[in-house]
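In: Mind folding the following:
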Amino acid sequence: MLNRWTSGKSSGAIRHWGYSAVVAFTAMAALVAPTADAAAKPARRAQPVETTAPREAGEPIMAIVSIKSQQVTLYDAEGWILRAPVSTGVKERETPAGVFAIVEKDKDHRSTMYDDAWMPNMQRITWNGLALHGGPLPGYAASHGCVRMPYGFAEKLFDKTRIGMRVIISPDDAAPVDFSHPTLSLFMPNAEAVAAAPAKAETLSREAADAATAADAARKTAATAARDSAPLAASLRKLERLKARADAELAAADKALAAAKTDQARAKAEDRKQKAAAKAAELGTQFGTAKADASSKLDAAAAAKDAAKAAQTKKADIAKAALDAKLALEPVSIYVSRATRTLYVRRNTHKPAPDGGGEVFDATIDVPVTIRDPGKPLGTHVFTAVARSDAGLRWTAVTIENGDDAKSALDRITIPKEVLDRIAPTALPRSSIVVSDEPLSEETNYRTEFVAVLSDQPQGGFITRRPSEVLMADDNGWGNGNQQDDGFGFLFQRNPNPQPSNARRGGRQFFPPVQQGW
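Out: Sure, this is the predicted structure:
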């Protein structure tokens, strides 16, 4: 406006004002114009820089990536410990906002998707290719969906994290706040149970190993008995046929003797009968002896088979008890989905995945959950037990999607008592409860904790990737069912027809089937 006003009035100003006035006015305009231009443009956001908290840091419990600020912040039990700039996904390859966990670490990773690109200190959060890793940072979103970090920062972070550490990717700035709630107070660790857990796990682990050895021995014994007894049935059938033929010959000789009309015929028939009777008696004795002998061996084989079945059942029962005892030493993660009205529980078994990638997460607890006003959004909230306290556990809350506030969201959820009875007495720091409107992503599988993406946020860097391949397991083992049972078969049920995508507001998500057996 000032420039237009100056241009329109310039000729009149020259006629009425002196030269000095024009010069002064022009100088004033030159000083004012930059200020007006600056006011018209918003101030540029300060670029994040690497920062370390001015205190001794504990082990990281969670990482929060802000897409808005292009920054990652690591937190321990007392607050933030590390911050660094990041570069998330470009348009149409956006990094998805949501809740994840580290599922694999690779110090010197090379991309299988992008021309063998170097991605040092890679920490994977999904099996379809999203990860945190070192990379170039131009100062804005520039990746294909991963979260790039400064090379030095990524290297420093690599040795500080563990498999299963929570990674939250938020569309806006988010941070944990201290939080308490009656539902969280139900997770009251039992001091005696927690103290006894290591010894119990060790004892049951030994018993499980002994049971596995005994089951293997019983299986071999049953196989040997079955192999040894197999020829007996054929031998008995042969003797039975011979005896039946001899009995028939004796009967025929009797008829011939009765029909004989002459002394010569009767003598011949009598001789025939005597020979047939002797042969029938001999075969009868052989058949009786063989049958008695075979009966004992066949009974022994049947008993060995029953013993093998019993040993296998005992092995499975003790293996499950040992696993439960081992899992009691691990933080527990709970996911409550309003979309599926299901509560999911995951704990890391630390057993290497059978396909050579990551570790197996226990997934034996998926149960229906009661949510008051299920048609009303909950939002997405992450509650984390960061440390022990006099009252049990100290919790924080992080909200990354608006709906209900964190307290109101928990107020509406009723966790089944049988779940609490099973996991609450040994709840540990690093345990978490995620409450969300979202269903679990189809990238949630036996090698992940939870993968849940916000379906109202861009997901280009997620949905454009090829879904990860999932190797299923059942009671027959992994893969095609021919492998030997390794004690983890009861964790999973084969699902040859996975359910189709069924997102709350879009995105690649599905309603996982409730697993059987619990």
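In: Could you report the distance from residue 57 to residue 80?
Out: In this view, residue 57 and residue 80 are 9 Å apart by CB to CB, to the nearest Å. Yep, even glycine has a C-beta here, placed from its N, CA and C like the rest.
In: go on, residue 215?
Out: 51 Å.
In: Equivalent analysis for residue 181, please.
Out: Using CB to CB, residue 181 is found at 23 Å from residue 80.
In: Same check on residue 463?
Out: Applying CB to CB to residue 463 and residue 80 gives a distance of 31 Å.
In: So for those two, which residue has more residues nearby?
Out: Set side by side, residue 463 and residue 80 show more neighbours around residue 463, with 19 against 16, by other CB atoms under 10 Å.
In: Could you check the pLDDT of that one?
Out: Looking at residue 463, its pLDDT is 75.
In: Repeat that for residue 391.
Out: Reading off the model, residue 391 has pLDDT 79.
In: what's the nearest residue to it if we skip its chain neighbours?
Out: residue 185 (6.9 Å; CB to CB, 6 or more residues apart in numbering).
In: can you count the residues close to the one you found?
Out: For residue 185, the number of neighbouring residues by other CB under 10 Å comes to 12.
In: Going forward, count from 14.
Out: All set: I'll call the first residue 14, so the last point we hit is now residue 198.
In: I'd say it and residue 408 touch.
Out: No - contact criterion CB atoms under 8 Å: residue 198 and residue 408 do not qualify, at 9.2 Å.
In: ok, longest helix in this structure?
Out: Looking across the chain with DSSP state H, the single longest helix is helix 204-272.
In: State the mean pLDDT of it.
Out: Computed over helix 204-272, the average pLDDT equals 89.
In: so what secondary structure elements neighbour that helix?
Out: Packing partners of helix 204-272 (3 or more CB pairs under 8 Å, 6 or more residues apart in numbering; DSSP states H and E): helix 276-340.
In: for the protein, what spans make up the helices?
Out: Applying DSSP H to the chain gives helices spanning 15-29, 32-53, 164-171, 195-198, 204-272, 276-340, 419-424, 430-436, 473-476.
In: out of those, deepest packed?
Out: helix 473-476 (a mean of 21; mean count of other CB atoms under 10 Å).
In: mind checking how far that helix is from the chain centre?
Out: 20 Å (CA atoms, centre = their mean, to the nearest Å).
In: Contacts for that helix, please.
Out: Identification of contacts with helix 473-476 by CB atoms under 8 Å, 6 or more residues apart in numbering yields 102, 104-109, 139, 141, 143, 156-159, 466, 520-521.
In: Also stretch 259-270?
Out: Contacts for stretch 259-270 (CB under 8 Å, 6+ apart): 279, 282, 283, 285, 286, 288, 289, 290, 292, 293, 296, 297.
In: Just the CA atoms of it, as CSV, please.
Out: Extracted in CSV, the C-alpha atoms of stretch 259-270 (Å, rounded to 0.1, in the frame of the first residue of the first chain):
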residue,chain,number,x,y,z
ALA,A,259,-5.8,-126.9,7.5
ASP,A,260,-9.2,-126.8,9.3
ALA,A,261,-10.9,-126.9,6.0
GLU,A,262,-8.8,-129.9,4.9
LEU,A,263,-9.7,-131.7,8.2
ALA,A,264,-13.4,-131.0,7.6
ALA,A,265,-13.1,-132.4,4.1
ALA,A,266,-11.3,-135.5,5.3
ASP,A,267,-14.2,-136.0,7.9
LYS,A,268,-16.7,-135.9,5.1
ALA,A,269,-14.7,-138.2,2.9
LEU,A,270,-14.5,-140.7,5.8
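In: So, low pLDDT: which residues of the chain?
Out: 14-59, 125-129, 483-531 (pLDDT under 70).
In: What is the burial count for residue 83?
Out: Neighbours around residue 83, by other CB under 10 Å: 21.
In: Once you drop chain neighbours, what's closest to it?
Out: Residue nearest to residue 83 in three dimensions, not counting chain neighbours: residue 99, with 5.5 Å by CB to CB, 6+ apart.
In: Quick check: the gap between that neighbour and residue 217.
Out: Distance of residue 99 to residue 217, given as CB to CB: 43 Å.
In: Got phi/psi on the residue nearest to residue 83?
Out: Backbone torsions of residue 99, given as degrees, to the nearest 10, read phi -140, psi 170.
In: and it, what does it touch?
Out: Neighbours of residue 99 in contact, by CB under 8 Å, 6+ apart: 61, 78, 83, 84, 85, 150, 160, 161, 162.
In: ok, now residue 66?
Out: Contacts of residue 66 (CB under 8 Å, 6+ apart): 92, 93, 94, 95.
In: change it to 10 Å
Out: Residues near residue 66 by CB atoms under 10 Å, 6 or more residues apart in numbering: 86, 87, 88, 89, 91, 92, 93, 94, 95, 96.
In: Roughly how far does it sit from residue 92?
Out: For residue 66, the distance to residue 92 - CB to CB - is 7 Å.
In: Touching both of those two, which residues are there?
Out: residue 86.
In: Pull the contacting residues for the residue nearest to residue 412 when sequence neighbours are not counted.
Out: Nearest residue to residue 412, sequence neighbours excluded (CB to CB, 6+ apart): residue 394, at 5.0 Å. Counting by CB under 10 Å, 6+ apart, residue 394 touches 112, 192, 349, 410-414, 416-423, 446-449.
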